[in-house]
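Engineer: Quick check, what structure comes out for this input:
(one chain, ligands or ions: 2)
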Amino acid sequence: MAEVGPPIDLPIINISNPNDPVVGKAMIDAAAKYGFLYVDSRGTDFTYEDVEKAFGLSREFFASPFEEKSNYRITPNVGAKLTLNLLPSTGDFKEAMNFGEFKDGKAQQPIPPSLASGEARIGHFASLCNKTCVRILKLLALGLEIQNDWFASCHDPTKGPTGSILRWLYYPSVFSSATASYKHDVDVRAGAHSDYGSITLLFQRPGQPGLEILTSEGTWAPVPVQPNTSSTGDTDSADFPFPPILVNIGDLLSYWTDGLLKSTVHRVVFPLSEQRSPNPQDRYSIAYFCHPIDSTELVPLPSKIVTAHRERSEANGIRDERVGFGGGAGSLEPGKRALTASEHLESRLAATYGFKSV
Ligand SMILES: O=C(O)CCC(=O)C(=O)O
Ligand SMILES: [Fe+2]
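Structural biologist: Ligands and ions are numbered 1, 2, ... in the order given. Got it, this is the predicted structure:
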């Protein structure tokens, strides 16, 4: 079993200028090295209130009666467009509520009555998430030296359906009766996995740690909710309206860049600090899984940086099986049709189905 090492020190990137090539390069460096980075919460369109209210709604929802929530349980054959995952049946010690796309502030799926009054707010939050992802995708394109709307234009939900999902997550604390039967030192709250889409945004709460990423050395590294900001200059975490947004690269973007950008395996645990704490807290997080429009063809990227990476990996005989299927978009044989985004997602779901739903 992989060991847990020291916390990871990820860069905090300010995305307020989506046209700054220096920021684009910094983003590519972090995405290629760790597959994870923080986005400075001061350079986004989210206000303190947007994030507070979103967590408020989530907390209220998970506190609602089990019978009410269970009407929105995930059913096996709805693929990516899932709704609710409930304790204790999932194997992991968590509950999750998924929202598919919103249209004009309206969810395209049944919404529990307790959330009806919050529907427009949740839709607004999802649209801010998409906007933020588009900004990040522009910076990644800049860093890869391709046209800056290369990714952005195929992640525009007004042009067609996408697989994007907003997910609320709730992980009861080690003190909760819901987790009483689990061995807190060995069991996990969410098993090791990588995300399927292009990029994921993760919002976390102060004092509610638990995320770990698998490093290239094969050890688990805890990801602090409030990173050590001293390395970024004269600021400290009190200057952030809310903790930085954690961003990670998903399988699809890794496939599209022939593995240059890493889709890093991660999990959620009961951290030791929490197990020893006299006052362990429940963990709430909000994830936004950004996917391209379903029909997007994953054709090779016209990026010299990706081509050079591919040639280097081939010369070294490196093939990372985790990054996707068939090696990556650049291995498309002449005359063959490229995979579409929805085919890529289906193949990922099929490969892991029955093992884990992320
Ligand atoms: O809650 C978290 O920290 C991570 C959740 C996650 O990785 C996922 O839902 O894919
Ligand atoms: Fe994940």
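
Engineer: Around ligand 1, which positions in the stretch 251-358 of the chain sit nearby?
Structural biologist: With Cβ under 6 Å from any ligand atom as the criterion, the stretch 251-358 of the chain meets ligand 1 at residues His266, Val268, Ser285, Ala287, Val358. Every C-beta, even on glycine, is put in place using the N, C-alpha and C of the backbone.

Engineer: Please name the bridge partners of the fourth one.
Structural biologist: It refers to Ala287. With DSSP bridges as the criterion, Ala287 is bridged to Arg167, Leu202.

Engineer: quick one: it and Asn316, what's the gap?
Structural biologist: Distance, Ala287 to Asn316, using Cβ to Cβ, to the nearest Å: 34 Å.

Engineer: So for the two, which sits in the more crowded spot?
Structural biologist: Ala287 (21 against 8; other Cβ atoms under 10 Å).

Engineer: Could you say which helix or strand holds the single nearest residue of the stretch 51-200 of the chain relative to ligand 1?
Structural biologist: Nearest residue of the stretch 51-200 of the chain to ligand 1 (Cβ to the nearest ligand atom) works out as Leu169 at 4.6 Å. Using DSSP states H and E, Leu169 sits in strand 165-171.

Engineer: what residues does that strand touch?
Structural biologist: 58-59, 61-62, 80-82, 93-100, 122, 125-126, 129, 189-190, 210, 268, 282-289, 291 (Cβ atoms under 8 Å, 6 or more residues apart in numbering).

Engineer: and what of stretch 29-46?
Structural biologist: With Cβ under 8 Å, 6+ apart, stretch 29-46 has contacts from 8, 10-16, 27, 51, 128, 131-132, 135-136, 140, 143, 201, 213, 223, 227, 239-249, 254, 260-264, 266.

Engineer: Show the buried residues in those residues.
Structural biologist: 8, 10-15, 27, 51, 128, 132, 135-136, 140, 143, 201, 213, 223, 227, 240, 242-249, 254, 260-264, 266 (16 or more other Cβ atoms under 10 Å).

Engineer: can you pull the contacts of Gln147?
Structural biologist: Ala141.

Engineer: how about it, phi and psi?
Structural biologist: phi -50, psi 140 (degrees, to the nearest 10).

Engineer: quick one: Pro227 and Pro161, what's the gap?
Structural biologist: Taken as Cβ to Cβ, the span from Pro227 to Pro161 is 35 Å.

Engineer: what do you get for Lys25?
Structural biologist: As judged by Cβ to Cβ, Lys25 and Pro161 stand 33 Å apart.

Engineer: any idea whether the closest residue to ligand 1 within the chain is helix, strand or coil?
Structural biologist: Nearest residue of the chain to ligand 1, counting by Cβ to the nearest ligand atom: Ser285, 3.5 Å away. Of the three states, Ser285 takes strand under DSSP: H, G, I helix; E, B strand; the rest coil.

Engineer: Could you check what's spatially nearest to it, not counting adjacent residues?
Structural biologist: Leu169 (4.7 Å; Cβ to Cβ, 6 or more residues apart in numbering).

Engineer: Count residues in the vicinity of the one you found, would you?
Structural biologist: 24.

Engineer: so which strand or helix has Pro334?
Structural biologist: Judged by DSSP H and E, Pro334 forms part of no helix or strand.

Engineer: Tell me the backbone dihedrals of it, please.
Structural biologist: Torsion angles, degrees, to the nearest 10, at Pro334: phi -60, psi 140.

Engineer: in the stretch 151-300 of the chain, which segments are predicted with low confidence?
Structural biologist: Residue ranges of the stretch 151-300 of the chain with pLDDT under 70: 179-180, 182, 184-186, 229-238.

Engineer: circling back: tabulate the residues of the stretch 251-358 of the chain next to ligand 1 (CSV), appending distance to Asp104.
Structural biologist: CSV is the format used below for those (distance: Cβ to Cβ, whole Å):
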residue, distance to Asp104
His266, 34
Val268, 34
Ser285, 27
Ala287, 23
Val358, 28
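
Engineer: now the helices for the stretch 251-358 of the chain?
Structural biologist: Using DSSP state H, counting those that start in this stretch, the helices of the stretch 251-358 of the chain run over residues 251-256, 272-276, 304-315, 341-352.

Engineer: so which of these is the most packed in?
Structural biologist: Each of the helices of the stretch 251-358 of the chain was scored by mean neighbour count; the highest is helix 251-256, a mean of 27, by mean count of other Cβ atoms under 10 Å.

Engineer: CA atoms only for it, dumped as PDB, please.
Structural biologist: Taking Å, rounded to 0.1, in the frame of the first residue of the first chain, the C-alpha atoms of helix 251-256 are listed here in PDB:
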ATOM      1  CA  ASP A 251      -8.600  12.000 -18.500                       C
ATOM      2  CA  LEU A 252     -10.000  13.700 -21.600                       C
ATOM      3  CA  LEU A 253      -7.500  16.600 -21.600                       C
ATOM      4  CA  SER A 254      -4.700  14.200 -20.800                       C
ATOM      5  CA  TYR A 255      -5.800  12.100 -23.800                       C
ATOM      6  CA  TRP A 256      -6.100  15.200 -26.000                       C
END
